[in-house]
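>>> okay, here's the prediction I keep looking at, along with the sequence it came from:
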Amino acid sequence: MIMYDPAEYELRDDDDGILALYFSGDLTVENAAQLDKKLRGMDTAIARINLTQVNDIDTIGAWLVQRTATDSDAEIIGASDAAERLLARVSEFGPSVIVPKEELNPALRIFNEVGFAVATAVGTMFAFLGFIGQVVLSFFTVLFRPRRIRLNAMVMRFEMVGIRALGIIGLMSFLIGIVIAQQGAVQLRQFGAEVFTINLIGRLTFRELGVLMTAIMIAGRSGSAFAAQIGTMKITEEVDAMRTIGVSPIEALVLPRTLATILWMPLLGFYASVVAIIGGGLLCWIVLEIPPVTFIQRLREVTPMTDFWIGMIKAPVFGAIIAMAGCFQGLQVTGNAEEVGKRTTAAVVQAIFLVIVLDAFFAVFFSSIGWD
Amino acid sequence: MAHDTRETIIEVRDLRNAFGEAVIHDGLNLDVKRGEIIGVVGGSGTGKSVLMRSIIGLQQPSQGEIRVLGENLLDNDTRSDEEVRRRWGVLFQGGALFSTLTVAENIQVPLREFYRKMDQRLLDEIAITKILMSGLPADAAHKYPSELSGGMKKRAGLARALAMDPELLFLDEPTAGLDPIGAAKFDALTRELKETLGLTVFLITHDLDTLHAICDRVAVIADRRIIAIGRIEELLQSEHPWIQEYFSGPRGRAVSGAYEAG
């Protein structure tokens, strides 16, 4: 541990009657905070600053001496060689102070921020629509030139988006199946209609929850990853490098991710529904004492095929939205690391929001075409 | 060489660094004296940056002893390591500025960390002094790193490294990526700071001009250790093929010719 001498100063009348400020001790960064406060509080007019008793001085100490000298128009004497050099160095800059940034008054700032937020939201919406158009367009371009399909990139995404998600989605669905069965059984028991728990499980999982929960999990798992990966590539200029080489970032980055997610969403959604039914069935067997064979028989009677189709039609649409929201936000990154975080959050929020809005539309649509 | 009585500020003994199979350093020794500018040169991949990272404690060596400002940084006493950290400044290759803070705020980070009682006005005054000292214009204070050019980022990084008035300054390729005029200015700045503040500077570089212009001694890394250390004239006497090629190759000759001619 190194010890520092405290920095002190005192006022003294010199022999020639001039009021002088005598500094002593270490005029260094360690003592700067308290010395600064004291010097600012001093209101005596001094005409001379004496540094003969100073042990050690650094730039910050020199700045404080220089500032005091300039403020009261005093001369500095007794500076050592090192102090002399430092004082010369800091005095070059003169009394420069950071100019505070201009800020709007609070009342105007509210309007300012609301205005910016609205403009950004509208701008993002149009940009996202444009982006979807670009992706669809490049999809057709690639479709007609199959050699440009990046199979390796896609297979890699299959693994990341699909296979590695199986564990967590399975666990989540299994637990949801149990919860639905358990809660359903409790409520339906009041009417003596416990057997309808099977209807609840079968219809709810295939039609709604299986796909919806999968979509939310994939948005959190893969949508965010897409945004972060592409965003980081933007910062390190990898995306720009791709463009200059002649590789389209949409084809190389966005399309494999989007196609992988579109293809995997129905599979994962189906898998999630089946696991949820297994979970529900297990609960029915243990708690309601409905044997598995009866459970499956009843399930086949009460769950129409249309429920399955509804889930499978929704899944790829959700997948497309999640992947494109992730890639879109990633490509919007400019500047710094914080931006990557913001865009990743935006990607997940946007994806889940759009998925739920679309799910509501689908619900109304399928009811009105008689698939209920 | 005459016996050097100055205090040894960095002492590296028998350093060994290995990443899996790849041995970067083996039996590396280095002494840096107070008040000198030492330049470290070596081919790409010889572990110049790894050496710097070992010295500043970002890389745990597999073997060896490192003392900086008299403090062993590899022991378990982490409290005294903090003390040493206050006394050095580091400039990383790309500046490594915190991207979410302005230049002024970047400079204030170490000050705020160590001296919580410092007044905002004083912090601002210190920041602007350091900004001007490192050769940046005053209006850079409110800019974010993404708004700065590469050279300005280096200067801002230097300003942050100097924030605490360190005794020891580590510079990792300070002139790489700067135009020759900017690089010459940066060299002059380093020299001037060393003379005004009495700094010891540990400098990694590829820049022959920097070596000739400001380094008191040059250490050459090759074959996993420091193969030669001394003034450039002394190194020129060396028989080692890499040193010969480095200083007597077309670029080396051009620069030393220019410096001999004055």
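Alright, I've got the coordinates.

>>> and the longest helix for chain B?
Ranked by residue count and defined by DSSP state H, the top helix of chain B is helix B:180-197.

>>> just confirm yes or no for it near chain A.
Yes: residues of helix B:180-197 are located near chain A by C-beta under 8 Å from any C-beta of the partner chain, namely B:195-197. The way it works is simple: take the backbone N, C-alpha and C, and place the C-beta from them, glycine included.

>>> among these, who's most crowded?
Highest neighbour count within the residues of helix B:180-197 next to chain A, by other C-beta atoms under 10 Å in any protein chain shown: residue B:197, with 21 neighbours.

>>> which positions within stretch B:229-245 qualify as buried?
For stretch B:229-245, a neighbour-count test (16 or more other C-beta atoms under 10 Å in any protein chain shown) marks B:229-230, B:232, B:235, B:238, B:242-243 as buried.

>>> circling back to that earlier point, let me see the mean pLDDT of the longest helix of chain B.
Averaging pLDDT along helix B:180-197 yields 85.

>>> packing partners of that helix?
Applying 3 or more C-beta pairs under 8 Å, 6 or more residues apart in numbering or on different chains; DSSP states H and E, one finds that helix B:180-197 makes contact with helix A:81-91, strand B:37-42, helix B:150-161, strand B:200-204, helix B:208-214.

>>> now flag whichever of the residues of helix B:180-197 next to chain A is closest to chain A.
For the residues of helix B:180-197 next to chain A, the closest approach to chain A (C-beta to the nearest C-beta) belongs to residue B:196, at 4.7 Å.

>>> does the closest one touch residue A:84 like I think?
No: look at residue B:196 against residue A:84 with C-beta atoms under 8 Å: they stay out of range, at 9.8 Å.

>>> on that earlier part again, restrict the buried residues of stretch B:229-245 to those near chain A?
The subset of the buried residues of stretch B:229-245 within reach of chain A, by C-beta under 8 Å from any C-beta, is empty.

>>> select from those residues every entry located in helices.
Using DSSP H, the buried residues of stretch B:229-245 in helices are B:232, B:235, B:242-243.

>>> quick check: nearest residue in space to the residue of the stretch 151-262 of chain B found nearest chain A, chain neighbours excluded?
Nearest to chain A, among the residues of the stretch 151-262 of chain B, is residue B:165, at 3.9 Å (C-beta to the nearest C-beta). Spatial nearest neighbour of residue B:165, excluding adjacent residues (C-beta to C-beta, 6 or more residues apart in numbering or on different chains): residue A:58 at 3.9 Å.

>>> what's the burial count for the one you found?
Number of residues near residue A:58 (other C-beta under 10 Å) recorded here: 22.

>>> leaving out the residues flanking it, which one is nearest to the residue in chain A that chain B sits nearest to?
Chain B sits closest to residue A:336 of chain A, with a gap of 3.3 Å, by C-beta to the nearest C-beta. The shortest distance from residue A:336 to any non-neighbouring residue, by C-beta to C-beta, 6+ apart, is to residue B:99 (3.3 Å).

>>> my read is that the one you found contacts residue A:340, right?
No: the pair residue B:99 / residue A:340 is not scored as a contact, 10.1 Å apart, by C-beta under 8 Å.

>>> what parts of the stretch 51-200 of chain B come near chain A?
B:80, B:83, B:99-100, B:104, B:111, B:115, B:117-119, B:121-122, B:124-130, B:132-133, B:138, B:141-142, B:144-146, B:162, B:164-165, B:195-198.

>>> any quick PyMOL command for the buried ones out of those?
In PyMOL, this line selects whichever of these come out buried by 16+ other C-beta under 10 Å:
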select buried, chain B and resi 100+104+111+115+118+122+124+125+126+127+128+129+130+132+133+141+144+145+162+164+165+196+197
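
>>> how about the helices in chain B?
Along chain B, counting by DSSP H, helices occupy B:48-55, B:78-86, B:103-114, B:120-133, B:150-161, B:180-197, B:208-214, B:232-236, B:241-248, B:250-260.

>>> of all those helices, which lies closest to residue A:8?
Closest approach to residue A:8 among the helices of chain B (C-beta to C-beta): helix B:120-133, 17.9 Å.

>>> can you list the residues that contact the closest one?
Outside of helix B:120-133, the residues within contact range by C-beta atoms under 8 Å, 6 or more residues apart in numbering or on different chains are A:32-33, A:36, A:40, A:59-60, A:63, A:67, A:89-90, A:92-93, A:96-98, B:103-105, B:107-108, B:111-112, B:138, B:140-141, B:156, B:159-160, B:162-163, B:193.

>>> which residue ranges of the stretch 201-350 of chain A form helices?
In the stretch 201-350 of chain A, the helices defined using DSSP state H, counting those that start in this stretch lie at A:210-218, A:224-235, A:238-245, A:249, A:255-283, A:292-302, A:305-331, A:337-368.

>>> what's in contact with the first one?
Defining contact as C-beta under 8 Å, 6+ apart, one finds that helix A:210-218 is touched by A:161, A:165, A:168-169, A:172-173, A:176, A:261, A:264-265, A:268-270, A:272-273, A:276, A:311, A:314-315, A:318-319, A:322, A:351-352, A:355-356, A:359.

>>> which of these are buried?
By 16+ other C-beta under 10 Å, these give A:161, A:165, A:169, A:172-173, A:176, A:261, A:264-265, A:268-270, A:272-273, A:276, A:311, A:314-315, A:318-319, A:322, A:351-352, A:355, A:359 as buried.

>>> restrict the residues you listed to those near chain B?
Of those, not one also sits near chain B (C-beta under 8 Å from any C-beta).

>>> what's the nearest residue in the stretch 51-200 of chain B when you look at chain A?
Closest approach of the stretch 51-200 of chain B to chain A (C-beta to the nearest C-beta) occurs at residue B:99, with a separation of 3.3 Å.

>>> and that residue, backbone torsions?
The phi and psi torsions at residue B:99 (degrees, to the nearest 10) take the values phi -70, psi -20.

>>> might you report the residue contacts of it?
Going by C-beta under 8 Å, 6+ apart, the list of residues near residue B:99 reads A:335-338, B:144-146.

>>> before we move on, what about residue B:172?
Applying C-beta under 8 Å, 6+ apart, the residues contacting residue B:172 are B:49, B:52, B:90-93, B:204.

>>> I'd like the residues you listed laid out as JSON lines, including distance to residue B:42 and neighbour count.
Output for these, formatted as JSON lines (distance: C-beta to C-beta, whole Å; neighbours: other C-beta atoms under 10 Å in any protein chain shown):
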{"residue": "B:49", "distance to residue B:42": "10", "neighbour count": "18"}
{"residue": "B:52", "distance to residue B:42": "12", "neighbour count": "20"}
{"residue": "B:90", "distance to residue B:42": "19", "neighbour count": "21"}
{"residue": "B:91", "distance to residue B:42": "19", "neighbour count": "25"}
{"residue": "B:92", "distance to residue B:42": "18", "neighbour count": "19"}
{"residue": "B:93", "distance to residue B:42": "15", "neighbour count": "15"}
{"residue": "B:204", "distance to residue B:42": "9", "neighbour count": "22"}
